[in-house]
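Peer 1: all I have is the shape, not the residue letters:
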């Protein structure tokens, strides 16, 4: 009996102890006091601001003054957008709001700002469509087929290439220059008044892209055009306050009227010559460098030829041809892993700068190009749109300072994201992440060489709180993560500092003048 | 002279050393061997798969068998979508592809699967519109104004409420039941054939939402309807293989034909009674719990009244009314910080389960509700769509196991994201993140109580590699992060295990039967 009571007592004790544990576990912590709450809240917001991209930059008095003006403009557009979300420009397709952006005061300010370099752009989408229109006025340009039905072909030639070809100058004079030029302008741009209707998916854009590319090719690969196109492009980048250009290209064979063909080395030499000539007359431009980037739709034999060219150029033009990449619609091309064994044979001094993860297909082949790019030791990643979906890679990229080349407008036009507020770089902007903002193929969407992308990034992707420090950091990063040699980079950084200070001083003057007028 | 030579010698040495440093710094690491490359690549992909949500679950033989079938269905839709991106269902607006989803084999499988609980849904969007149509057949329902021009009002009353009111049964008989029912069906749903045209921005959806809400209110707050609506909702959740419902509600005043008004306590008691009655006839349903969630558009005096009700219900119905929240369009309502001092006075045992960050406005007031929700000690976060844009908060949420309630379809319909492949939860799915998938207001978009959201999450948001383990984990999380008491939770988990195993066994039988037929 005592035993039973004892047992019962022990059981009760155990039950009591258990109950106590449950109660202890369930007792919620007390609420914060309002004082602690608001102090803690302010500290969290402050920390977040300091941790963001550019948060380490200290502004001078003059920069602070300009920043105040910049943030007024930014807040005005945010407030208007908040009241009427459909009118918030970064949430809309670029084609629908191009005119509105072009008349935005914030955009004008960004356009004037020295923005450093462009590290992600492609050879035949550098110069605006107006340059193409102008080039079609050259003598000896022939056309077959019609622009209107997409059968058009062009060729420069002294004589009629074959039956069915007409001289462009005759077509233009029959059709009327205004109408003909407008058809050229439309054909060589992805621009559409109703882009949502014209492009249902990424494949629609790429197929138009490819068609345009093939028709454009015989115009621009005419040697005199290639040269003058590149020169005009440099001028446009310069006018957009870009001081350096590191671009990708396929090095197509050029031709002239005498039947001479120009190979990779000659094309590279042409780039170098035009750049030097441009620099001589534009001392605020530090130069161009080239990334050899042939098409990723290639069988092994073709790929081997590409690699041989890459190695040759690396040996002979190592200062200018600073990297290797593969281009073309990533989803439909071969994945990097197909070429990995071949690529690993290239000399380690040849830099890889791979496109990777320009896709929404999470966990599929294209997406996994990110693993390959990193394993191959890529110096930068082109797009890396899907990078965030791989947290371990993201960490790796940050630690190893592999720079991600963000191209906001391109991602929108190519249907990866509709509302740029959903662009994944939004998160990357919240820490000191190695990234640059670039423009990919600006002329195909009637954008400026860099300003439209900076505008979208600053207004649509960054936090409402992020300010001039973010923009300055983006510019500085574009020099820091370029493939210039250390002395070249340091010279470029010095020049940037000078251009930046001149810009700030001139803005201070302008703001003062406006306020006093 | 010797001194000069010595100096020169020293200088040369320094130069040499410097050069060596530069060379050393510039010597790139050797490339990997192909063997190392492919081994490392496989390891990285394996690690990523194991680290993903559900990666810790080990499948039984039978589960592996079902998983194989599930992944065949998933891969088939991915492959088709990859070939024709415009036809990939999660990339399109739900309204455009509802029929296609409803005939998808993957969707059918997900519908059959036990999915645990729904932790984020609202009182008057639980039961399908068909239930509303049915309720409008009750006696004593009157209508004023027209459905077609949006002036319609309803009221249950024994007599004509005033001049201008007509009995619904008369209108229905004049207009024809089919046509009238269809107009009801359309009015009480956001469904539109061309959603892109109908809803330009989040504000358009919310304004339609609000209009619908006000017209619906006098129908559902008629006490007999409220009760039968809730009962019908439970049946629909049950039929969708949901075993538990933790829903938010405003506790509106109910009325009846005798002029009696029913206050918060009576509405809560009604929920409890209907649930108990439902459980008695449906032993595979574990119950419902309630989160009191009045409207966030409230002045301080109204808010104080809400808090008083919350405290009263917490005292008297603490087992059933398990949390407090504020609802309504977050962007346009008052931010949490406005109510913080008041909220901090509530007893710490009253759980907060705040909506926060249901926005694309990065760095603006709504976005910063996330800071407040966390500082206020919220147990879960409703939506948290913008959470990723705050890396430090994200870490905090994960460490403190604050569960994020993801509502994919809702985010799409309410214009936060167009292509669900861009939904930020994509990243959260890649680690063992505390999250559940829920449905918010399923009846407003003609979705099932949970299956459409699971389908979108599984096919559109998760990686192509994520499989049955993810789905099982989502179901388990919905019980784990519920606010059931420990014994209730444990009973629910046991029952889930049983339902899950029955589902797996029945699927094995079905797949075998299909293969042998």
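Peer 2: Looks like it came in fine. Note that the coordinates shown come from a computational prediction; the quantities given were computed from them, not determined experimentally. Residues are numbered from 1 along each chain as shown, chains lettered A, B, ... in the order given.

Peer 1: show me where the stretch 1-150 of chain A has its strands.
Peer 2: Counting by DSSP state E, counting those that start in this stretch, one finds strands in the stretch 1-150 of chain A at the ranges A:117-118, A:141-144.

Peer 1: residues making contact with stretch A:199-212?
Peer 2: Stretch A:199-212 is contacted from outside by A:150, A:187-190, A:192, A:198, A:329, A:331-332, A:360, A:413-416, A:444, B:84-86, B:91, using Cβ atoms under 8 Å, 6 or more residues apart in numbering or on different chains. (Glycine included, C-beta is placed from N, CA and C.)

Peer 1: kindly recompute the last result at 7 Å.
Peer 2: Stretch A:199-212 has contacts (Cβ atoms under 7 Å, 6 or more residues apart in numbering or on different chains) with A:150, A:187-188, A:190, A:329, A:413-415, B:85-86.

Peer 1: rebuild these as CSV, extending it with neighbour count and distance to residue A:439.
Peer 2: Conversion of those to CSV gives the following (neighbours: other Cβ atoms under 10 Å in any protein chain shown; distance: Cβ to Cβ, whole Å):
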residue, neighbour count, distance to residue A:439
A:150, 12, 27
A:187, 18, 21
A:188, 25, 17
A:190, 22, 14
A:329, 20, 18
A:413, 24, 11
A:414, 24, 13
A:415, 23, 17
B:85, 21, 24
B:86, 14, 26
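
Peer 1: contacting residues around the closest residue to chain B within the stretch 301-450 of chain A?
Peer 2: Minimum separation of the stretch 301-450 of chain A from chain B (Cβ to the nearest Cβ) falls at residue A:363, amounting to 3.3 Å. By Cβ under 7 Å, 6+ apart, residue A:363 lies in contact with B:463-465.

Peer 1: neighbouring strands for whichever helix or strand residue A:288 is part of, and are they parallel or not?
Peer 2: Here residue A:288, judged by DSSP states H and E, is contained in strand A:287-292. Strand pairing for strand A:287-292, determined by DSSP bridges: strand A:244-249 (parallel), strand A:321-324 (parallel).

Peer 1: now the angle from the top helix by length along chain A to strand A:287-292?
Peer 2: Longest helix in chain A by number of residues (criterion: DSSP state H): helix A:486-516. Calculated by axes from the mean of the first three to the mean of the last three Cα atoms, to 10 degrees, helix A:486-516 forms an angle of 120 degrees with strand A:287-292.

Peer 1: roughly how far is helix A:486-516 from the heart of the chain?
Peer 2: 23 Å (Cα atoms, centre = their mean, to the nearest Å).

Peer 1: and what of stretch A:241-258?
Peer 2: Counting by Cα atoms, centre = their mean, stretch A:241-258 comes out at 18 Å from the chain centroid.

Peer 1: and that stretch, average pLDDT?
Peer 2: Here stretch A:241-258 scores 98 as its mean pLDDT.

Peer 1: what's the end-to-end length of it?
Peer 2: End-to-end distance of stretch A:241-258 (Cα to Cα, to the nearest Å): 38 Å.

Peer 1: same question for stretch A:253-271.
Peer 2: 14 Å.

Peer 1: which residues are in contact with that stretch?
Peer 2: So stretch A:253-271 is contacted by A:140, A:156-158, A:221-223, A:226-227, A:230, A:251, A:288, A:290, A:309, A:313, A:316-317, A:320-321 (Cβ under 7 Å, 6+ apart).

Peer 1: ok and the residue in the stretch 101-250 of chain A nearest chain B?
Peer 2: Closest point on the stretch 101-250 of chain A to chain B, by Cβ to the nearest Cβ, is residue A:201, at 3.7 Å.

Peer 1: tally of neighbours for that residue?
Peer 2: By the measure other Cβ atoms under 10 Å in any protein chain shown, the count of residues near residue A:201 is 19.

Peer 1: also residue A:365?
Peer 2: 18.

Peer 1: can you give me the end-to-end span of stretch A:408-421?
Peer 2: 10 Å.

Peer 1: is that stretch anywhere near chain B?
Peer 2: Yes: Stretch A:408-421 lies within reach of chain B by Cβ under 7 Å from any Cβ of the partner chain, at A:417-419, A:421.

Peer 1: mind putting those into a markdown table with secondary structure and neighbour count?
Peer 2: As requested, these are arranged in a markdown table below (DSSP: H, G, I helix; E, B strand; the rest coil; neighbours: other Cβ atoms under 10 Å in any protein chain shown):
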| residue | secondary structure | neighbour count |
| --- | --- | --- |
| A:417 | coil | 20 |
| A:418 | coil | 16 |
| A:419 | coil | 22 |
| A:421 | helix | 24 |
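
Peer 1: most neighbours of all the contacts of residue A:363, which one?
Peer 2: Going by other Cβ under 10 Å, residue B:463 tops the contacts of residue A:363 with 21 neighbours.

Peer 1: so what's it up against?
Peer 2: Going by Cβ under 7 Å, 6+ apart, the list of residues near residue B:463 reads A:362-363, B:52.
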